[in-house]
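In: structure for this input, please:
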Amino acid sequence: MTGPGGDRQQPGEPEGYARTPVAPGEAVLDLRAGEARVVVRPEHGGRLGSVAIGGREVLVTGDPLGPVLWGAYPMAPWAGRIRHGRFAFAGETRQLPLAAPPHALHGVVLDRPWRVDAPDAISVDLDRRWPFRGRVAQRFAVREDGLDVTMTLEADEPQPAVIGWHPWFRRALEPGGGPVSLRLDAAEMLVRDAEGIPTGERTPPSDGPWDDCFTGLRADPVLEWPGLRLTLSSSCAWWVVYTRPAHAVCVEPQSGPPDAANLCPEVVTPGTPLTHTMRWRWERT
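Out: The predicted structure is shown next:
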């Protein structure tokens, strides 16, 4: 199967950004329903590499600077930053690699190839950058009006874990097109310290721009471009929203906040996996 687009500049992408091309022999999941086409890139961290609705791409589809700035990628076994890459568990202090010095960032599955297990399912084992053994799986379902993604982390030994997704949505779907608007109605936002890490204190949400974690949503987040509305929902209780980039908006459902391994660890044990869903629903406007 071929993936989207080659390496040409695409509508809505900033100058200097191009699609990450599909390599010869690269396996992709090419899922279609009605006017919707979703391309999953297992070899590029198990991410959604493209989501096109009526031919209009809603994701940033590539970045020459690395894997953390494009598509919609899975985050596991932690999401966001872990302060200085360090946390204590079961009486022992653990040190993680610092992908975003001085902190650890977004887990260990976004930059590795995943296995294709079925036409709609992929999986990957946790590697040695994480001190506990286990695996992560995703399953995808595309319909005419939306997309459902389910992620599961299975633990071979007790471990703290957070899972979630990091979508990079385009601000404009066409060159010169109207910018996206975001509706977010949350009860609380986490206070961040000078290092940009949540302290655990909560406060009423401020006005944007944001690079912040929210909880207590009173309604599903909605992204709206001229002619297209996208409603996001999830079984996750935490949402990180990043609106500072000039070309993109990130709305990220997570099962725990950044630095959860230190603030509020959720322990996953063998036989009791951690499972969450992310749902997108779209409609023409």
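
In: let me see the ranges of the strands in the stretch 151-285 of the chain.
Out: For the stretch 151-285 of the chain, the strands defined by DSSP state E, counting those that start in this stretch cover 159-160, 164-167, 169-170, 181-183, 186-192, 198-203, 211-217, 222-225, 228-234, 238-242, 248-254, 267-268, 274-284.

In: right, so these: which one is the most enclosed?
Out: Compared across those, strand 164-167 shows the largest average neighbour count, a mean of 26 (mean count of other C-beta atoms under 10 Å). Using the backbone N, CA and C atoms, a C-beta is placed for each residue, glycine as well.

In: for that strand, packing partners?
Out: strand 72-75, strand 146-155, strand 248-254 (3 or more C-beta pairs under 8 Å, 6 or more residues apart in numbering; DSSP states H and E).

In: quick check: mean pLDDT of that strand?
Out: Mean per-residue pLDDT for strand 164-167: 98.

In: with stretch 54-73 instead?
Out: Here the average pLDDT along stretch 54-73 is 92.

In: all numbers from here: first residue = 246
Out: That works, and once the first residue is 246, the last one we named lands at stretch 299-318.

In: how distant is that stretch from the center of its chain?
Out: 11 Å (C-alpha atoms, centre = their mean, to the nearest Å).

In: just the buried residues of that stretch, please?
Out: Across stretch 299-318, burial judged by 16 or more other C-beta atoms under 10 Å covers 301-308, 312-318.

In: from those residues, pick the one nearest F332.
Out: Proximity of the buried residues of stretch 299-318 to F332 (C-beta to C-beta) peaks at V313, which lies at 20.8 Å.

In: checking my notes, the closest one in a strand, right?
Out: No. Remark: V313 does not belong to a strand; assigned using DSSP: H, G, I helix; E, B strand; the rest coil, it is helix.

In: surely it touches H351?
Out: Yes. V313 lies in contact with H351 (C-beta atoms under 8 Å); the separation is 6.4 Å.

In: okay, and the common contacts of the two?
Out: Both V313 and H351 are in contact with H411, where contact means C-beta atoms under 8 Å, 6 or more residues apart in numbering.

In: list the residues that contact L341.
Out: 327, 330-332, 349, 374-375.

In: so which of those residues is the most crowded?
Out: Among the contacts of L341, the one with the most neighbours (other C-beta atoms under 10 Å) is I327, at 28 neighbours.

In: so what's the residue positioned nearest the centre of the chain up against?
Out: Nearest to the geometric centre of the chain sits H411, at 1.8 Å (C-alpha atoms, centre = their mean). The contact partners of H411, by C-beta under 8 Å, 6+ apart, come to 313, 317-320, 324, 351, 355, 495, 497.

In: and which of these is nearest P454?
Out: The shortest gap between P454 and any of the contacts of H411 belongs to C495, at 11.5 Å (C-beta to C-beta).

In: what residues are up against the closest residue to the closest one other than its chain neighbours?
Out: Nearest-residue entry for C495: Y487, 3.9 Å, with adjacent residues in sequence omitted and distances by C-beta to C-beta, 6 or more residues apart in numbering. By C-beta under 8 Å, 6+ apart, the contact set of Y487 is 455-456, 494-495, 497.

In: what bridges to Y487?
Out: D456, C495 (DSSP bridges).

In: circling back to that earlier point, how far away is the residue lying closest to the residue nearest to the centre of the chain once chain neighbours are set aside from E280?
Out: In this structure, H411 finds its nearest non-sequential neighbour in E497, 4.9 Å apart by C-beta to C-beta, 6+ apart. Going from E497 to E280 by C-beta to C-beta, to the nearest Å gives 26 Å.
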